[in-house]
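[1] Fold the following, please.
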Amino acid sequence: MEGIKFDFNNMFSANVGGVNGVEEKDLFELSSAAQKAHEHLKKILADSKNRIKLNLEWAALPYQDEKAVKRIQDLGKEIAAKYDSVISLGIGGSYLGLKAAQDALMPAYFNEFSKIRKNRPRIYFEGNNLDPDTLSVLLKNLNPKKTFIVVISKSGETTETKAAFMVVQNWLKKAVGKKYGRQVIAITDPENGSLRKIVKLEQEKDILSFRSLPLSKGVGGRFSELNMGLLHLAILGVNIQEVLAGAKDMALKCSRANYTENPAYMYAALHYILYKHKNKSLAIMMPFSETLKSTADWYVQLLAESLGKKYNRKVEISADGSEAWLQDRGAVVNVGRTPVPCRGTGDLHSVQQNNVEGENNKVITFIKVEKFKNEIKVLAKGDFLSGKSFSGLITLAEEATEWALVRQGRPNCTVTLECVSPYIWGALLFFFEMATAFEGELLNVNAFDQPGVEGYKNYMYYKLGKPGISREIANEIEGYPLIKNPKYIL
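    Just a heads-up that it's a prediction; the model follows:
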């Protein structure tokens with residue numbers, strides 16, 4: 001992989017012992033299932049109808065039309081030139097992917113210093129929680145006339161984002177007047193949903209209001225950074241084509257059938273074996289880079305929503321070759337590794353204690369950076385740190401962490417980035433996306449739905465009196481009330 005290396009030495013029994021590591025024979029025994037998984041993915045990805053229907057259209061995002069990408073790049077430049085601040089409203093992938101991009105590709109403390117922003121606006125993220133303290137402070141301290149709003153929601157109905165948008169909409173309208181919609185862009189479903197309805201109504205009044213960009217059909221939120229995140233990249237001044245080029249090159253690398261030549265397949269296969277046969281159910285994601293901590297947060301959603309499933313997948317194939325993936329209600333499996341985000345070196349003084357001496361039920365993935373954007377040297381004399389560079393110290397810390405884990409028989413692997421550039425970051429995202437898709441095939445679950453997320457949403461909608469709640473959902477909520485015995489409250 002150009003600019004990226006995947007080191008999985010410490011996943012094998014030769015390094016961490018037979019009880020905790022993978023044997024060569026384990027990979028050989030998995031080869032038939034891996035080949036089957038590859039053939040199935042290949043078949044789906046080759047058929048646009050199946051890709052969209054089954055929510056695998058994310059795999060086509062690296063190949064977007066260059067003219068469409070340029071229009072988004074120009075739009076971002078236009079917004080950046082006119083406004084001091086941007087509020088981005090979204091939750092899940094509509095927040096985590098953007099935050100990961102901003103932290104990885106922009107200088108640290110981007111919002112704090114105008115010099116490093118290079119005349120780009122500050123970007124704030126809201127609509128990802130229901131805590132009144134964050135949004136209220138933000139709106140009290142921003143100038144609405146110099147603030148642009150980007151709202152990202154497929155349906156427009158997700159409570160967190162919808163509530164925040166309604167508040168921000170009123171705030172903007174009060175200060176700007178009836179043409180406030182010219183300071184809003186909605187990224188939403190191209191045809192349906194309440195947010196799309198608002199766009200249509202507002203544009204009937206003023207064609208320059210509520211401009212919009214479409215969310216691609218068949219792309220779930222956690223896989224959608226290269227779709228809904230493009231405008232954010234453009235506002236930041238990132239060259240979108242470089243990000244897509246990295247993803248495209250990684251897609252080619254990850255299309256190889258042989259998992260010994262395919263880094264995403266190998267990553268998935270090793271974690272699958274350790275999970276299913278060695279009881280390694282926790283996935284620790286630990287970048288040794290402060291700017292990649294949000295990328296670890298993004299990965300948590302990717303893995304948890306994709307692979308944490310109650311039921312096996314039942315595949316039904318129609319006469320025309322199209323597939324439907326159903327929940328096999330007769331096969332309750334409750335599978336999925338549990339992801340935990342960390343970062344080195346800070347969490348070496350907290351979570352690492354458990355990693356080394358706690359229950360041996362986890363696999364740690366390190367992300368190591370070879371060349372940082374800046375460098376600092378310790379100039380003091382007469383100390384063992386004298387003359388040492390920070391990049392050298394953090395590299396040594398990662399190596400030392402590997403050693404400490406291996407010494408205790410704890411499996412781990414390392415993804416090494418030559419640097420953190422738009423190209424390499426785009427490749428990194430696609431690597432993890434394909435690895436997750438392949439692991440879903442090995443587990444035989446639908447990695448592209450999230451039925452478990454709907455439970456809390458339905459309960460809230462019912463309690464809030466939202467129209468359209470089905471009788472089935474209402475009956476379930478009424479039939480299983482929360483029971484709070486005062487005896488068990490201290």
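[2] after the worst-scoring helix or strand of the chain on mean pLDDT, next one along is what?
    Least confident helix or strand, the chain: helix 454-464 with a mean of 89, by mean pLDDT, DSSP states H and E. Using DSSP states H and E, the helix or strand that follows helix 454-464 in sequence is helix 471-479.
[3] Please point out which parts of that following helix sit buried.
    473, 477 (16 or more other C-beta atoms under 10 Å). Using the backbone N, CA and C atoms, a C-beta is placed for each residue, glycine as well.
[4] For that helix, enumerate the helices and strands it packs against.
    helix 454-464 (3 or more C-beta pairs under 8 Å, 6 or more residues apart in numbering; DSSP states H and E).
[5] got the contact list for the helix it packs on?
    158-159, 469, 473-474, 477 (C-beta atoms under 8 Å, 6 or more residues apart in numbering).
[6] swap in stretch 188-208?
    Applying C-beta under 8 Å, 6+ apart, the contact partners of stretch 188-208 are 151-157, 162, 178-179, 181-182, 186, 209-210, 212, 214-215, 217.
[7] In strands only, show me those residues.
    Among the contacts of stretch 188-208, the members falling in strands (DSSP state E) are 151-152, 186, 212, 214.
[8] nearest to Val22, of the residues you listed?
    Distance to Val22 across the ones in strands among the contacts of stretch 188-208 (C-beta to C-beta) is lowest for Ile152, with 39.6 Å.
[9] Just the buried residues of the longest strand along the chain, please?
    Longest strand in the chain, counting residues (DSSP E): strand 323-335. Within strand 323-335, the residues that count as buried by 16+ other C-beta under 10 Å are 323, 325, 327-328, 335.
[10] what stretches of the stretch 351-490 of the chain score poorly on pLDDT?
    Low-confidence segments of the stretch 351-490 of the chain (pLDDT under 70): none present.
[11] whoops, I mixed them up, the chain
    1.
[12] would you turn the buried residues of strand 323-335 into JSON lines with distance to Ala435?
    Below are those laid out as JSON lines (distance: C-beta to C-beta, whole Å):
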{"residue": "Glu323", "distance to Ala435": "22"}
{"residue": "Trp325", "distance to Ala435": "19"}
{"residue": "Gln327", "distance to Ala435": "23"}
{"residue": "Asp328", "distance to Ala435": "24"}
{"residue": "Val335", "distance to Ala435": "16"}
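[13] For the stretch 301-450 of the chain, which segments are assigned as helices?
    Secondary structure of the stretch 301-450 of the chain by DSSP state H, counting those that start in this stretch: the helices cover 351-357, 390-407, 422-443.
[14] Would you mind finding the most buried of the ones you listed?
    A comparison of these by mean neighbour count, using mean count of other C-beta atoms under 10 Å, puts helix 422-443 on top with a mean of 25.
[15] got the angle between that helix and strand 323-335?
    Here helix 422-443 points in a direction 80 degrees away from that of strand 323-335 (axes from the mean of the first three to the mean of the last three C-alpha atoms, to 10 degrees).
[16] Pull helix 422-443 out as CSV, backbone CA atoms only.
    Extracted C-alpha coordinates of helix 422-443, given in CSV (Å, rounded to 0.1, in the frame of the first residue of the first chain):
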residue,chain,number,x,y,z
PRO,A,422,-5.3,13.8,2.3
TYR,A,423,-4.2,10.9,0.1
ILE,A,424,-3.1,8.6,2.9
TRP,A,425,-6.1,9.5,5.1
GLY,A,426,-8.5,8.7,2.3
ALA,A,427,-6.7,5.3,1.8
LEU,A,428,-6.9,4.6,5.6
LEU,A,429,-10.6,5.1,5.7
PHE,A,430,-11.3,2.8,2.8
PHE,A,431,-9.0,0.2,4.3
PHE,A,432,-11.0,0.0,7.5
GLU,A,433,-14.3,0.1,5.6
MET,A,434,-13.3,-2.8,3.4
ALA,A,435,-11.9,-4.7,6.4
THR,A,436,-15.3,-4.3,8.2
ALA,A,437,-17.3,-5.4,5.1
PHE,A,438,-15.1,-8.5,4.8
GLU,A,439,-15.4,-9.4,8.5
GLY,A,440,-19.2,-9.0,8.1
GLU,A,441,-19.1,-11.7,5.4
LEU,A,442,-17.1,-14.0,7.6
LEU,A,443,-19.5,-13.5,10.5
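[17] Could you pull out the buried residues of stretch 154-167?
    154, 156, 158-162, 164-165, 167.
[18] from these, which is closest to Leu348?
    Nearest to Leu348 among the buried residues of stretch 154-167, counting by C-beta to C-beta, is Glu160 at 33.1 Å.
[19] Identify the residues contacting that closest one.
    By C-beta under 8 Å, 6+ apart, the residues touching Glu160 are 91, 127-130.
[20] same question, Phe8
    Residues in contact with Phe8 (C-beta under 8 Å, 6+ apart) are 266-267, 270, 413.
[21] can we see that at 6 Å?
    Each residue near Phe8 by C-beta atoms under 6 Å, 6 or more residues apart in numbering is listed here: 270, 413.
[22] State the distance from it to Thr395.
    Per C-beta to C-beta, to the nearest Å, Phe8 is found 19 Å from Thr395.
[23] Tell me, how many residues neighbour the closest residue to Asp347 other than its chain neighbours?
    Distances taken as C-beta to C-beta, 6 or more residues apart in numbering place Met286 nearest to Asp347, at 6.7 Å, with adjacent residues excluded. Met286: 28 surrounding residues under other C-beta atoms under 10 Å.
[24] what's the neighbour count on the spatially closest residue to Leu142 that is not a sequence neighbour?
    Counting by C-beta to C-beta, 6+ apart, Leu142 lies nearest to Ser85, which is 5.3 Å off, once chain neighbours are set aside. Other residues lying near Ser85 total 18 when counted by other C-beta under 10 Å.
[25] shouldn't Ser85 be in contact with Ile149?
    No. Using C-beta atoms under 6 Å, Ser85 makes no contact with Ile149, being 9.8 Å away.
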